[in-house]
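1. Here is my input; please provide its structure:
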Amino acid sequence: MALSTRAENVLWTTHSDAGQKAYKAGHYAEAEKLWMAALKVAEESGAQDADAKSNRERR
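-> The predicted model follows:
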């Protein structure tokens with residue numbers, strides 16, 4: 001099932017922000033898992049890379 005662009009952005013942001021929080025807390029394995037989930041969302045949405053997804057979300 002394909003997600004809407006908005007849903008993809010929310011999911012990507014949720015994973016990315018949680019990864020940042022885990023990283024800052026020293027939970028590096030958890031951060032990596034969350035960032036990989038964010039990357040998967042970006043790739044499945046057709047983004048060229050995670051930065052492209054980030055730039056679209058943050059505008």
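2. Ramachandran coordinates for Glu44?
-> Dihedral angles of Glu44 (phi, psi; degrees, to the nearest 10) stand at phi -70, psi -20.
3. Any figure for the gap between the residue most central in space within the chain and Glu44?
-> Residue closest to the average C-alpha location in the chain (Cα atoms, centre = their mean): Ala38, at 2.6 Å. Separation of Ala38 from Glu44 (Cβ to Cβ, to the nearest Å) stands at 11 Å. To be clear about C-beta, it is placed using only N, CA and C from the backbone, and glycine gets the same treatment.
4. pull the longest helix from the protein.
-> helix 5-24 (DSSP state H).
5. Using PDB, write out the CA atom coordinates for it.
-> C-alpha atoms of helix 5-24 as PDB (Å, rounded to 0.1, in the frame of the first residue of the first chain):
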ATOM      1  CA  THR A   5       3.300  12.300   0.500                       C
ATOM      2  CA  ARG A   6       2.100  13.800   3.700                       C
ATOM      3  CA  ALA A   7       2.000  10.400   5.500                       C
ATOM      4  CA  GLU A   8       5.500   9.600   4.100                       C
ATOM      5  CA  ASN A   9       6.800  13.000   5.400                       C
ATOM      6  CA  VAL A  10       5.300  12.400   8.900                       C
ATOM      7  CA  LEU A  11       6.700   8.800   9.000                       C
ATOM      8  CA  TRP A  12      10.100  10.000   7.800                       C
ATOM      9  CA  THR A  13      10.200  12.800  10.300                       C
ATOM     10  CA  THR A  14       9.100  10.500  13.200                       C
ATOM     11  CA  HIS A  15      11.900   8.000  12.500                       C
ATOM     12  CA  SER A  16      14.500  10.700  11.900                       C
ATOM     13  CA  ASP A  17      13.700  12.700  15.000                       C
ATOM     14  CA  ALA A  18      13.600   9.600  17.100                       C
ATOM     15  CA  GLY A  19      16.900   8.500  15.700                       C
ATOM     16  CA  GLN A  20      18.400  11.900  16.600                       C
ATOM     17  CA  LYS A  21      17.000  11.600  20.200                       C
ATOM     18  CA  ALA A  22      18.400   8.100  20.600                       C
ATOM     19  CA  TYR A  23      21.800   9.200  19.300                       C
ATOM     20  CA  LYS A  24      22.000  12.100  21.700                       C
END
